[in-house]
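[1] Let me see the structure of the following:
(one chain, ligands or ions: 1)
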Amino acid sequence: MSTPAIQWYPGHIAKAERNLLEQLKKVDVVLEVRDCRIPLATNHPRAEQWIGNKGRVLVMNRVDMIPTEARHQWEDWLKSQNEAPCFTDGQHGKGVKSLVKLAQRAGSQVNERRKARGMLPRPVRAVMIGFPNVGKSALINRLLGKRVVESARKAGVTRSLRWVRISDQIELLDAPGVLPNILNDQDAAIKLAICDDIGQASYDHQRVAAAMVELLKDLQQGHVLHDRYQVDPADVTGETYVQMVSQQRYTGDSDRAANALLNDYRIGRLGSIALELPPVS
Ligand SMILES: Nc1nc2c(ncn2[C@@H]2O[C@H](COP(=O)(O)OP(=O)(O)OP(=O)(O)O)[C@@H](O)[C@H]2O)c(=O)[nH]1
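    Numbering: from 1, shown residues only. All right, here's what the predicted structure looks like:
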């Protein structure tokens, strides 16, 4: 049997999850951040369990990276699932004001309970959770209007947990992205790798780039590859396509071709493309 394209390091993951669980005990509200390009693949299988009966806000980040039409489709579908998502663009700060309001509202019971017990109100404590690189730190920096936490293109940048005060009413914990211990769904894992939301897992860039080509073709987006590389993906496999691009542009270096393909998608050079759309009922 061939090795899967994506492999995990459960040791690291278990430690990150233990740390996060410890911090979760201290918070009133969880801001669950997903990547708009792949909201299903970035739905952490443990999120529901971690959140329990705390207040929750579903944050759909990277909204600038999908077409408006796809955003509307997700909005409608999530509403039909009784969700009230907050769409954000952590890079430019879009949607962060609504996020603060929603977080405060989700944590309002804390101070109602305190008041009933004759206690003074205190700031609502919230935490951002989500896969690596979905934009948690960028959102915190935007919420604060300055760069206080490290935010970078590389997944797994946030290593430690730290509290930041957003306002008199809300304190926020920046937590490192946490991957699931096991992800049996290789399709979801590949999407995470394409979007660079996979942190400490390791993967074969050429296989992931080939899978991205196949996925773009399935989504009727093969033309964006043709436009960018002047190589038509229509009648070839993803693997052959990476080889063809490598011959055309990188003197046969398939690794460079794979990295260029992935990078071009990640930085939006192929346009705004949603890799997942809501399930059709
Ligand atoms: N285009 C776009 N880029 C974003 C958005 N949010 C974050 N980014 C960029 O994505 C990269 C990763 O963002 P981070 O905020 O470091 O992600 P994180 O979730 O804190 O990552 P970890 O520390 O790995 O858990 C950075 O280069 C950000 O500038 C967004 O909404 N749109």
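
[2] Do I have it right that residue 256 meets residue 250?
    Yes: under the criterion of Cβ atoms under 8 Å, residue 256 makes contact with residue 250 at 4.3 Å. C-beta coordinates here come from the backbone N, C-alpha and C atoms, glycine included.

[3] And the strands in the chain, which stretches?
    Using DSSP state E, the strands assigned to the chain run over residues 6-7, 29-35, 55-61, 86-87, 124-129, 162-167, 170-174, 202-203.

[4] which strands and helices sit next to the third one?
    Here strand 55-61 touches strand 29-35, helix 68-80, strand 86-87, helix 96-106, helix 136-144, going by 3 or more Cβ pairs under 8 Å, 6 or more residues apart in numbering; DSSP states H and E.

[5] next one: the fifth one
    In this structure, strand 124-129 makes packing contacts with helix 10-24, strand 29-35, helix 96-106, helix 108-116, helix 136-144, strand 170-174, judged by 3+ Cβ pairs under 8 Å, 6+ apart.

[6] Now do residue 98: how many residues are near it, please.
    The burial metric for residue 98, expressed as a neighbour count using other Cβ atoms under 10 Å, is 14.

[7] How about it, nearest residue that isn't a chain neighbour?
    residue 86 (5.4 Å; Cβ to Cβ, 6 or more residues apart in numbering).

[8] any idea how far that neighbour is from residue 36?
    Noted for residue 86: a distance of 11 Å to residue 36, by Cβ to Cβ, to the nearest Å.

[9] which residues are common contacts for the two?
    Common contact partners of residue 86 and residue 36 (Cβ atoms under 8 Å, 6 or more residues apart in numbering): residue 60.

[10] how near is residue 265 to the ligand?
    Here the distance between residue 265 and the ligand works out to 12 Å (Cβ to the nearest ligand atom, to the nearest Å).

[11] give the contact list for that residue.
    194, 212, 273.

[12] quick check, nearest of those residues to the ligand?
    The closest of those to the ligand turns out to be residue 273 (Cβ to the nearest ligand atom; 12.7 Å).

[13] Can you tell me, leaving aside adjacent residues, what's nearest to the closest one?
    Counting by Cβ to Cβ, 6+ apart, residue 273 lies nearest to residue 221, which is 5.6 Å off, once chain neighbours are set aside.

[14] And residue 86 and residue 36? Which one has more around it.
    Neighbour comparison, residue 86 and residue 36: the larger count goes to residue 36, with 28 against 21 (by other Cβ under 10 Å).

[15] Residue 244 reaches residue 236, doesn't it?
    Yes: under the criterion of Cβ under 8 Å, residue 244 lies in contact with residue 236, with a separation of 6.7 Å.

[16] okay, those two: which has more neighbours?
    A direct count of neighbours by other Cβ under 10 Å for residue 244 and residue 236 places residue 244 higher, at 18 against 15.

[17] Can you check what pLDDT the model gives the nearest residue to that one once chain neighbours are set aside?
    The shortest distance from residue 244 to any residue that is not its chain neighbour, by Cβ to Cβ, 6+ apart, is 5.0 Å, and that residue is residue 231. Predicted confidence (pLDDT) for residue 231: 95.

[18] Can you get me a residue count around residue 231?
    By the measure other Cβ under 10 Å, the count of residues near residue 231 is 16.

[19] any idea how far it lies from residue 120?
    With distances defined as Cβ to Cβ, the gap from residue 231 to residue 120 amounts to 65 Å.
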